[in-house]
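# Got a predicted model here, sequence first, then my questions.
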Amino acid sequence: MRRAARMAFMVCMQVQNLMHSETGQDLVEYSLLVCLIALAAIAGVRHVATAVNLVFSNVSSSLA
């Protein structure tokens with residue numbers, strides 16, 4: 001029984017250390033920043049693709 005109580009105490013201490021630890025936050029922040037940049041790039045590419053499609057449609061209708 002004493003061993004189980006000691007293990008529970010150790011687990012509780014580890015959880016408290018993880019809650020107060022700031023290691024790994026940089027990785028999360030950088031990954032969120034990368035996701036935001038990727039979403040902005042996708043939106044930009046879609047806008048450019050629409051504009052290029054319009055230009056080609058105009059050229060196609062002019063030639064026809």
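Alright, I've got the coordinates.

# I'd like the distance from the helix or strand hosting residue 13 to the chain centre, please.
Taking DSSP states H and E as the criterion, residue 13 maps to helix 2-20. Offset of helix 2-20 from its chain centre (C-alpha atoms, centre = their mean, to the nearest Å): 31 Å.

# Stretch 13-22 too?
For stretch 13-22, the distance to the chain centre is 24 Å (C-alpha atoms, centre = their mean).

# pLDDT on the helix or strand following the helix holding residue 13, on average?
Sequence-wise, the next helix or strand downstream of helix 2-20 (DSSP H and E) is helix 25-63. Helix 25-63 shows a mean pLDDT of 90 in the predicted model.

# Identify each buried residue in helix 25-63, please.
Within helix 25-63, no residue is scored as buried using 16 or more other C-beta atoms under 10 Å. All C-beta spots, glycine's among them, are computed from the backbone N, C-alpha and C.

# ok, residue 8 - how many residues close by?
Residues lying near residue 8 (other C-beta atoms under 10 Å) number 10.

# Likewise for residue 16?
The burial count for residue 16: 10, using other C-beta under 10 Å.

# for the one 3 residues further on, same thing?
Applying other C-beta under 10 Å, we find 7 residues neighbouring residue 19.

# Distance check, it against residue 13.
11 Å (C-beta to C-beta, to the nearest Å).

# Kindly report the same for residue 46.
Applying C-beta to C-beta to residue 46 and residue 13 gives a distance of 50 Å.

# cool, residue 56 as well?
65 Å.

# now do residue 3
From residue 3 over to residue 13 (counting by C-beta to C-beta), the distance is 16 Å.

# Can you pick out the residue with more neighbours from those two?
Shown here are residue 3 and residue 13; by other C-beta under 10 Å, residue 13 has more neighbours (10 against 7).

# Can you read off the pLDDT for the more buried one?
83.

# residues touching residue 48, list them.
Shown in contact with residue 48 (C-beta atoms under 8 Å, 6 or more residues apart in numbering): no residues.

# And it, how close does it get to residue 56?
From residue 48 to residue 56 the distance is 13 Å (C-beta to C-beta).

# Equivalent analysis for residue 20, please.
58 Å.
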